[in-house]
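> sequence unavailable; structure follows:
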């Protein structure tokens, strides 16, 4: 997956990011807002991404959605139980290792990579700018 992530806070953000990635033919890494597993909830995040993809005129070449669980292992476990396939969790090494094992057994994975990210909740970037920002990732 790409080394750049678009941080989304709601359905409108997800729809914008998906449309921009489709226009630029770039793979898309959708990252929830920091700690969204605690505030938004994993099931709601999954539904936001699914709805945005369903509404898209054309999908991007690839989309990976990552729920941020912060440092609470309970939120990471909940995300796994609620069907999230890509989870961001930070904690003590032994806890991360155990959560990774549980995720793997459930068909999910922990994502701990560092991403260059664009937060749509904080940025005033327009749609053309978002497409251009994603364009270097197009194959």
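Alright, I've got the coordinates. Computed from a predicted structure; not experimentally measured. Numbers count the residues shown, from 1 in each chain.
> make it CA atoms for all contacts and neighbour counts henceforth
Fine.
> now do the residue lying farthest from the centre of the chain, the pLDDT please.
Centroid-distance maximum for the chain: residue 94 at 24.1 Å, with C-alpha atoms, centre = their mean. Looking at residue 94, its pLDDT is 96.
> same deal with residue 57?
Among the per-residue scores, residue 57 shows a pLDDT of 91.
> got it, and the one 4 residues further on?
Model confidence at residue 61, given as pLDDT, is 89.
> hang on, the earlier thing: buried ones in the helix or strand hosting the residue farthest from the centre of the chain?
Assigned by DSSP states H and E, residue 94 belongs to helix 93-105. Buried positions in helix 93-105, judged by neighbour count with 16 or more other C-alpha atoms under 10 Å: 96, 99-100, 102-103.
> need the mean per-residue confidence for whichever helix or strand comes after it.
Next in sequence after helix 93-105, counting helices and strands by DSSP H and E, comes strand 109-110. Averaged over strand 109-110, pLDDT sits at 96.
> which helices and strands sit right next to strand 109-110?
When contacts are defined as 3 or more C-alpha pairs under 8 Å, 6 or more residues apart in numbering; DSSP states H and E, strand 109-110 sits against strand 86-88, helix 93-105.
> out of the ones you listed, the one nearest residue 136 is which?
Closest to residue 136 of these, according to C-alpha to C-alpha: strand 86-88, at 23.2 Å.
> would residue 117 count as being in a strand?
Yes. According to DSSP: H, G, I helix; E, B strand; the rest coil, residue 117 belongs to a strand.
> switch to numbering from 753
Got it, first residue is 753 now, which makes that one residue 869.
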